[in-house]
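Chemist: quick one: sequence plus predicted model below, questions after.
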Amino acid sequence: MTTLQIEIEDSRPVAVLCDEWNLTVTLADGRRVQTPLWWYPRLFKASAAQRSIVELSPLGVHWPELDEDISVASMLRGQKAPGAKPPPGEGYAKPQ
């Protein structure tokens with residue numbers, strides 16, 4: 001196995017949690033990547049039921065009902081969806 005193949009395998013998503021504030025993806029090597037949900041307007045506007053129907057692929061996450069695909073690489077880069085803007089007010093960030 002090449003170094004690239006190992007990196008891809010380690011970065012493979014194995015679990016997804018999408019709550020009202022954040023998208024959290026757990027990777028095969030145990031890391032968790034979390035991004036604000038408002039980065040992905042389709043997910044942000046979707047119902048909890050729609051966000052719960054998710055498919056994992058070797059490189060990312062897919063929501064078939066929403067036609068939304070997010071790669072692990074884009075999350076790691078901090079890449080928001082085009083046109084994503086934080087909602088007004090301070091209630092958009094989940095308290096830590």
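Modeler: Done, it's in.

Chemist: and the residue nearest in space to the middle of the chain, what are its bridge partners?
Modeler: Taking Cα atoms, centre = their mean, the centroid of the chain lies closest to residue 23, which sits 4.6 Å from it. Following DSSP bridges, residue 23 is listed with bridge partners residue 18, residue 35.

Chemist: repeat for residue 63
Modeler: Beta-bridge partners, per DSSP bridges, of residue 63: residue 68.

Chemist: list the contacts of it.
Modeler: Contact partners of residue 63, counting by Cβ atoms under 8 Å, 6 or more residues apart in numbering, are 42, 43, 46, 50, 51, 53, 54, 55, 69. Just so you know, the C-beta spots here come from the backbone N, C-alpha and C atoms, and that holds for glycine as well.

Chemist: for the protein, give me the ranges with low pLDDT.
Modeler: Low-confidence segments of the chain, defined by pLDDT under 70, are located at 1-9, 90-96.

Chemist: the same query, at a cut-off of 80, please.
Modeler: Scanning the chain for pLDDT under 80 picks out 1-10, 89-96.

Chemist: just the strands in the protein please.
Modeler: Secondary structure of the chain (DSSP state E): strands at 13-18, 22-27, 32-36, 55-56, 60-63, 68-71.

Chemist: run the angle between the first one and strand 22-27 for me.
Modeler: Meaning strand 13-18. Angle of strand 13-18 versus strand 22-27, following axes from the mean of the first three to the mean of the last three Cα atoms, to 10 degrees, is 170 degrees.

Chemist: mind listing residues that contact strand 13-18?
Modeler: Residues outside strand 13-18 that contact it (Cβ under 8 Å, 6+ apart): 23-28, 37, 43, 51-52, 54, 56-57, 60-61, 72.
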